[in-house]
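> what follows is a predicted structure for the sequence shown.
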Amino acid sequence: MAAYENDYIAGYTPDMSNARFDGDRPASEAPDHDDDVVGPDEACPCCGENRMDWLAWDEDGTVVTCITCGADYDPNEA
């Protein structure tokens, strides 16, 4: 039996332990576009996330929620 046929055997589960999804990308990896990141002072203090698409301001514009780790923080606090 050829190796690729194992994918079709009933009950076979491929090893996904090394699988990576875009949302799982660590903040330390370089983003696709340098223009889409915040400076180090505005990045998430918990995980270092700096991609703008993963940092969400609340409706009042006072608190940022990091989508990566769930931390809420005020980037204006020193």
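Happy to help now that I have it.

> and D72, what are its phi and psi?
With angles defined as degrees, to the nearest 10, D72 sits at phi -110, psi 130.

> neighbours of it, how many?
12 (other CB atoms under 10 Å). Backbone N, C-alpha and C define where each C-beta goes, glycine included.

> what's the answer for the one 5 residues further on, then?
Counted with other CB under 10 Å, residues neighbouring E77 total 6.

> that one and A43, how far apart?
Separation of E77 from A43 (CB to CB, to the nearest Å): 13 Å.

> same check, this time on G61
Counting by CB to CB, the gap from G61 to A43 is 18 Å.

> same thing with C69?
Using CB to CB, one gets 11 Å for the distance from C69 to A43.

> rewinding a little: neighbour count winner among G61 and A43?
A43 (20 against 8).

> need the pLDDT of that one.
You'll see A43 listed with a pLDDT of 94.

> and for S28?
In this model, S28 carries a pLDDT of 55.

> show me where this structure has strands.
Residue ranges of the strands in the chain, as given by DSSP state E, are 55-57, 64-66, 72-73.

> in a markdown table: those strands, plus distance to E49 and mean pLDDT.
Listed next are the strands of the chain as a markdown table, based on distance: least, CB to CB, whole Å; pLDDT from 0 to 100:
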| stretch | distance to E49 | mean pLDDT |
| --- | --- | --- |
| strand 55-57 | 6 | 94 |
| strand 64-66 | 5 | 95 |
| strand 72-73 | 11 | 95 |
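
> which of these sits most buried?
Mean neighbours per residue, mean count of other CB atoms under 10 Å, is largest over the strands of the chain for strand 64-66, with a mean of 20.

> can you pull the contacts of the residue lying closest to M52 once chain neighbours are set aside?
Of all residues not flanking M52 in the chain, D36 sits nearest, at 5.2 Å (CB to CB, 6 or more residues apart in numbering). Contacts for D36 (CB atoms under 8 Å, 6 or more residues apart in numbering) come out as 51-53.
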